[in-house]
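Peer 1: Sequence plus predicted model, see below.
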Amino acid sequence: MAERVVTDEQLDDLVEQRMSVALAERKKVVEEVVAALQPQLERIRREAASANHVKRTLGRQLSRLEGLVKQTNAELGRHVVLAAHPGTADTIERMTDALEKGEELTEQFGVGDLSLEQKKALPGMLKNYVNDQVDRQKLDRRNDRRLTFWLVMATAGGSLAGAVLAAIAVVAYLSAVHVGGATP
């Protein structure tokens with residue numbers, strides 16, 4: 001068997017050549033794996049961003065909800081104090097009756113059948129109608145007071161004129177009786 005003799009330099013060159021080929025192949029394999037995993041990495045990044053957004057949103061909503069719960073608890077505490085106060089039950093009953101009357105009127109006048117724009121316009125229309133009715137009542141009362149004033153003035157004037165005529169008649173009668181010497 002023939003032996004080949006390789007110098008150290010040749011051996012180093014050969015190892016270096018093999019290492020550079022192996023390194024290039026490894027680099028190529030790594031690049032292929034990274035390229036294959038890139039879409040999954042992007043998907044994972046998007047999912048992480050979405051999860052973080054959901055986490056922040058839920059955190060804010062949880063904070064708001066916590067505030068509302070505290071506020072509601074405080075209001076309930078005030079209501080409990082009010083419920084123990086005398087007269088609260090009567091007030092609540094009156095409010096309930098008024099609410100039921102309002103619901104009956106709503107059904108009676110068909111407010112539930114109105115469109116959203118009509119429902120929004122209804123309070124203003126009702127306010128104008130009520131204000132018009134109040135203004136008419138004020139005007140009617142003012143006219144009634146004027147009429148009453150003039151009737152009182154006419155009655156007083158008529159009474160005064162009647163009293164003056166009666167006084168004139170008495171004076172005329174007395175002067176006729178005394179002047180003429182006739183006795184009645």
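Peer 2: On my side now, so go ahead. Residues are numbered from 1 along each chain as shown.

Peer 1: any idea how far the residue nearest the centre of the chain lies from Ala156?
Peer 2: The residue lying closest to the centre of the chain (C-alpha atoms, centre = their mean) is Lys120, at 12.0 Å. Lys120 sits 55 Å away from Ala156, going by C-beta to C-beta, to the nearest Å. C-beta: built from backbone N, CA, C; applies to glycine.

Peer 1: Where is the longest helix in this structure?
Peer 2: Taking DSSP state H as the criterion, the chain has its longest helix at helix 8-84.

Peer 1: Could you tell me which ranges of this protein sit under the pLDDT cut-off?
Peer 2: Scanning the chain with the threshold set as pLDDT under 70 gives 1-4, 80-85, 109-114, 179-184.

Peer 1: Assign a three-state SS to the residue lying closest to Leu14 once chain neighbours are set aside, would you?
Peer 2: Closest residue to Leu14 apart from its sequence neighbours, by C-beta to C-beta, 6 or more residues apart in numbering: Val6 at 7.4 Å. Under DSSP: H, G, I helix; E, B strand; the rest coil, Val6 falls in the coil class.

Peer 1: ok, Val6 to Gly102 distance?
Peer 2: Counting by C-beta to C-beta, the separation of Val6 from Gly102 is 107 Å.

Peer 1: ditto for Leu147
Peer 2: Separation of Leu147 from Gly102 (C-beta to C-beta): 38 Å.

Peer 1: and if you look at Ile92?
Peer 2: From Ile92 across to Gly102, the span is 15 Å (C-beta to C-beta).

Peer 1: cool, Ala176 as well?
Peer 2: Counting by C-beta to C-beta, the gap from Ala176 to Gly102 is 78 Å.

Peer 1: And for Gly158?
Peer 2: Per C-beta to C-beta, Gly158 is found 53 Å from Gly102.

Peer 1: With Val54 instead?
Peer 2: 42 Å.

Peer 1: so how many other residues sit close to Ile92?
Peer 2: Neighbour count for Ile92, taken as other C-beta atoms under 10 Å: 13.

Peer 1: just the one 4 residues further on next, same as before
Peer 2: Neighbours of Thr96 under the rule other C-beta under 10 Å: 10.

Peer 1: Quick one: distance of the helix or strand harbouring it to the chain centre.
Peer 2: Taking DSSP states H and E as the definition, one finds Thr96 inside helix 88-109. Taking the mean of its C-alpha atoms, helix 88-109 sits 20 Å from the chain's own mean (C-alpha atoms, centre = their mean, to the nearest Å).
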